[in-house]
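In: Generate a structure from the sequence data that follows.
(chains A, B and C)
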Amino acid sequence: MPPILESLLKIAVLIGGLMTAAAYLVLLERWIAAWVQDRLGPNRVGVPLTKIRLFGLGQPVADGGKFLTKGEFTPGHVDKILYFLAPMAIFVAAIAAFAVVPLGSVVLPASWGVGEPVRLAVAPGLDVGMLYIFAVGSVAVYGVVLGGWASNNKYSFFGAIRSSAQLISYELPLGLGILGVVLASGSLRLDNIIIEQARSGTWNALVQPLGFVVFCVAAFAEAGRLPFDLPEAEQELVGGYHTEYLGVKLMMYMVSEFLHMVLAAFLIVILFLGGWHFWGLTGSAEAVSWPVALLRAIVLLAKVMGAIFFFMLARWSWPRFRYDQLMEVAWKVMIPWGLINVVAVAAWMEYGVQLARPWNLSAAQGMAVVGWGVLLLCWLATTIIDPTASGNRPRRDLSANDNCLE
Amino acid sequence: MKTDDRNINWVREPRLGLAGRSYLLLFVQGLTTTLRHFFSRKKTVQSPEERHEIPDPPIYRGVHRLNRDQRGRVKCVACFLCATACPADCIDIVAAESPWTDREKYPQSFTIDELRCIFCGMCEEACPVDAIELTSLYDLSGKSREEMIFDKEKLLSVYDQTKNTEPMITKRD
Amino acid sequence: MATIIIDNREIEIPAGRRLNGIEAARLVGVEIPHYCWHPGLSVAGSCRMCLVEVGTRDPKTGEIAMQPKLVPACNTIVADNMVIVTNSEKVARARAMVEEDLLLRHPIDCPICDKAGECLLQDYHFEYGQPERRADIRPFTSRRRDLGDVTLFVDRCVMCSRCVRFAREISGTCELMITGRGAREEIDVVAGFPLNNKLSGNVVDLCPVGALGDKDFLYRQRVWYLRRHRGVCTGCSTGCSIWIEENQDRVWRIKPRENPFVNKWWICNDGRYDYPHVHDPRRLTQPWGRETGITDTRDWIDLPKELNRSLGEAGRLAAVISPFLTVEEAYLLCKLIRGIDAEAPLVIGPVPEVGEEERFPGGFTIRAEKCPNRRGVEAVIAHFARRVATFDELLTELDQDALQGVWVSGGYKHEWIGQATAARFERLKLLVVQDLFPSPLSERATYLLPGAAYPERDGSYVNHADRLQSVRRAIRPPAGVRTEGSVCWELLGRKGLYNARAALDEIAREILYFSVAADTAPETGIDLKANLLAG
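Out: The predicted structure is shown next:
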């Protein structure tokens, strides 16, 4: 099979799969929302023109049909070019990021008469995989800001402004969270990071819990999910940057949002939760027979589904942050934690072997002890110092003639 | 308004303890609450196959009805008090001299725009002769806006339909 | 000069003024409740609601001696050193007793009573009555009796006798009387002689409760929906001050507005029921234009430009200025026509005269001249043209083909021009007609502009006695109609919306007759005669 055909095939399968997944994740989201609220959720739409309901599995089809057949109305006061460009930008960026994400390990289709193993990613060999994801992911902010600006509506604009500040702020802890993993694995390639975890048998979340926490929080914020969904905040901003959108363009925004969440789930699983690795189930890093490859894909996707489930559950578990709290969490908590994590990992890489020897610990065990210790210390220190409590609102106990109040 | 204005009542948020500041407690509380509900019994009523049971029909605020007096005539005296009390301005009355000797004034036409109505029950409260009441019929739907503007005959027919299940509440006769 | 004390407040009443207790109390802002007393009628002193404590102060020692019994304030003419107390326990108890007595046999049918909301019985009971009803008479429906022009709700009556005194003193027709005695007193008419005079509508306004019902208004609206606007009646050249009461751009009733210089407290039935033409479905509501024989609708956006061009090209112009126009509208129209053709004859429209002047014993007069503003229009025309041409002179000129373009402003409530007269406008190159209703003349118009009815106009009227009254519009014109003033304002190329006040100021500067109207508009109007004498 020529490489170009192979790539095109993979792209087709990936995009098709992602779009379907996004549609059904909407259904899942609605189900989970309903169940958490003691409701049943959508359970009616099944096969059209029959009484077969299929637990409401036809709902995404109906939703999609409705979106597509909506009147293509463009508000009169918008900036026409940017208004059309914005959802495309965010959509393309969201899809493109999946190019380097491995959906399993490697399959050896020997029976098809092809000698080379097929890697389950569109662009498997990219050495700067993580950097690529970061680069493409940053484009998402343009979609949001342009959409808010082009809408020419103050609520949309508020949403866009909030979003730009939030996305830029949380990119720092996101990067710092990854840095520890990259240091430990010695590679930016996502498949290498998984293989490294599989070889050592310890997932990065176990040895770098601080990095895991920082990365998870930042990933939530980057995906714009509750409790960090201030750009949309329907109670305050009536939908934020996509207030003025409808039909297919709104669908592109919605799908992009879900793809961000899926990507975040993939990254959490790949970077910190061992990717396709599961102890005693998926074999060693090098073994690639047919059933094992399939099992690995299933394990990976199961972990991703678990992460997505947590994303959806989190939405109903905790209230949204206030905007100043959001910013303080980023700059006063997450960034210092991320820096401490990087320093701790780097120090362990340099001096860890010598330090662990007297205690009779393996390198991984030692790293885990240090990692959890650092996490506890950081958390405790933050709790005592409480950097987010200062508050920037005027206070009565300050004297009235204090200039800073005027 | 200055910050030292005497009319401002400054409220300070309560200071959190260590457990609160660590965020862990809130994290666990939130997650356990959602999970508990996740697995709990669902309360959805599968309308229209199942009907929602209204515990106390007389106080339920559903579709309006116009009551009839003992002789089967519309009880309303067209005093406009419901229309005056209505915050949604959905009641329209045309009053006229009544065709009966024992009555002064009656509504020549009485229409309620059920689409504008917010079902607050103020009309029921305002009525001096207990002529307008809100029934417990809650599944109100129609295929056009015109269909949802109920006239006098329609409102009286709602009374005929519900008088046996929900007797008229008479505060005075 | 008399010094009296009312509720511990001392006031001085100028010598020569004869005031009773109610009027004197008003001067210090104290309201004494009353049913039967009315400033325009004789004193009956029958309702006992205005009972107050009265005493005298010894001017030397300052000692105050109160009379032991309560005295009706309406029948007490205040004199020097008089002391009146209206807020004592004794007075309050008396008022509560009167209220209880009146409500004893009153049908509590406020929900269906048209007076509810402006009823003195309601107001006073709320203010002075006692909270609980001790009588066991249950609410019932009032008996009804047809008195002719009005309907009487027999049991609602509180026997104040205002209506009876009105029929005797003001209209002088004496139809109403009181029958029975004590608790069985009732208002009635002698069989075969119903209440039927041109002022009969006033008894409904006089009635402090809902006993007398206006047949025109009965059951149609609740009074709390109505908003009242100051207006001037255009029924005749008396120019009575009126309240125009409307709800959502529909006039529901007309009531007299107190104006001591014009109509006192009264208006006639002709003026009171003079509003149905405002909501007549036959009214013109769309501008029309005719070009090469084809008549088509026009819209107000392009029409002014087209009109100005047509007027400029027509040649010799003339304008017929209706006596129904306001002073400002007449002025703007004259200015417009004279601006295009400086020699254009300005004609006052036909002045309708019906019958003879009717004078009533109370001093109220209904004039024969059935238009509100002949004097104002004549004064404006006289300023522009030196000579006020009559409509007949215009017709003569038309027959001689001396004119090419004529602007006719109508605004008449009834048919005003016959087929034969209208035919004499046939040969004109340009005929602009601005009117309320279609007429033989409007069929011949090159441009037909819908005109406004009187509640829709902003402006001033000059009545028969040279009194200028300025009013604002009460309702908006129906869709498609623009007032004559706003059309001329735009045709003259003036900025912004039609501003009657600005136009009147301009008129006051330019025309001597109107000069006192500059920068002032009292509610009772301005007398322009003073100026005439000076001039």
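In: tally of neighbours for residue 105?
Out: Reading this off chain A. Per other C-beta atoms under 10 Å in any protein chain shown, the neighbour tally for A:Ser105 reads 28. In this view, the C-beta of every residue, glycine as well, is placed from N, C-alpha and C.
In: Oops, wrong one, chain C.
Out: Quick note: C:Arg105 (other C-beta under 10 Å) scores 13 neighbours.
In: same question, C:Pro352
Out: C:Pro352: 17 neighbours (other C-beta under 10 Å).
In: Leaving out chain neighbours, which residue sits closest to it?
Out: With sequence-adjacent residues excluded and distances taken as C-beta to C-beta, 6 or more residues apart in numbering or on different chains, C:Pro352 is closest to C:Lys370, at 4.4 Å.
In: do you know how far the one you found is from C:Thr238?
Out: As judged by C-beta to C-beta, to the nearest Å, C:Lys370 and C:Thr238 stand 10 Å apart.
In: Equivalent analysis for C:Glu329, please.
Out: In terms of C-beta to C-beta, C:Glu329 sits 21 Å off from C:Thr238.
In: if you count what's nearby, which of the two comes out ahead?
Out: Neighbour totals were compared for C:Glu329 and C:Thr238, and C:Glu329 leads with 35 against 23 (other C-beta under 10 Å).
In: That one: what's it in contact with?
Out: By C-beta atoms under 8 Å, 6 or more residues apart in numbering or on different chains, the residues touching C:Glu329 are C:409, C:457, C:459, C:483-485, C:488.
In: Confirm C:Lys413 sits in a strand?
Out: No. Under DSSP: H, G, I helix; E, B strand; the rest coil, C:Lys413 sits outside any strand and is assigned coil.
In: wait, it sits on C:Pro276?
Out: No. Using C-beta atoms under 8 Å, C:Lys413 makes no contact with C:Pro276, being 9.3 Å away.
In: what's the neighbour count on C:Arg162?
Out: Using other C-beta under 10 Å, C:Arg162 has 26 neighbouring residues.
In: which one is it nearest to, not counting chain neighbours?
Out: The nearest residue in space to C:Arg162 (C-beta to C-beta, 6+ apart) is C:Leu206, at 4.4 Å.
In: can you tell me how far that neighbour sits from A:Cys216?
Out: Taking C-beta to C-beta, one finds C:Leu206 at 83 Å from A:Cys216.
In: same thing with B:Lys163?
Out: 62 Å.
In: which of the residues in stretch A:198-215 are buried?
Out: A:198, A:200, A:202-215 (16 or more other C-beta atoms under 10 Å in any protein chain shown).
In: Stretch C:477-495 too?
Out: Buried residues in stretch C:477-495, counted by 16+ other C-beta under 10 Å: C:477-478, C:481-491.
In: Most widely separated two among those residues?
Out: C:Pro478 and C:Leu491 (21.2 Å; C-beta to C-beta).
In: what's the weakest-modelled helix or strand in chain C?
Out: helix C:529-534 (a mean of 68; mean pLDDT, DSSP states H and E).
In: where in chain C is pLDDT low?
Out: Residues of chain C meeting the criterion pLDDT under 70: C:531-535.
In: Counting residues, which helix of it comes out longest?
Out: Longest helix in chain C by number of residues (criterion: DSSP state H): helix C:89-104.
In: Please identify the buried residues of that one?
Out: C:91, C:94-96, C:98-100, C:102-103.
In: Please name the nearest non-neighbouring residue to the spatially most central residue of chain B.
Out: Geometric centre of chain B, nearest residue: B:Phe119, 2.8 Å, by C-alpha atoms, centre = their mean. Distance criterion C-beta to C-beta, 6+ apart; nearest residue to B:Phe119, sequence neighbours excluded, is B:Arg61 at 4.7 Å.
In: Over to A:Phe134?
Out: For A:Phe134, the spatially nearest residue (C-beta to C-beta, 6+ apart) is A:Gly175, at 6.9 Å.
In: mind checking the SS state of the one you found?
Out: Here A:Gly175 is recorded as helix under three-state DSSP.
In: Run a quick neighbour tally on it.
Out: If you count neighbours by other C-beta under 10 Å, A:Gly175 ends up with 19.
In: Would you map out the domains in the chain?
Out: I'll assume chain A. Here the domain assignment for chain A is A:1-69, A:74-388, based on automatic domain parsing.
In: Let me rephrase: I mean chain C.
Out: C:2-87, C:136-279, C:288-534.
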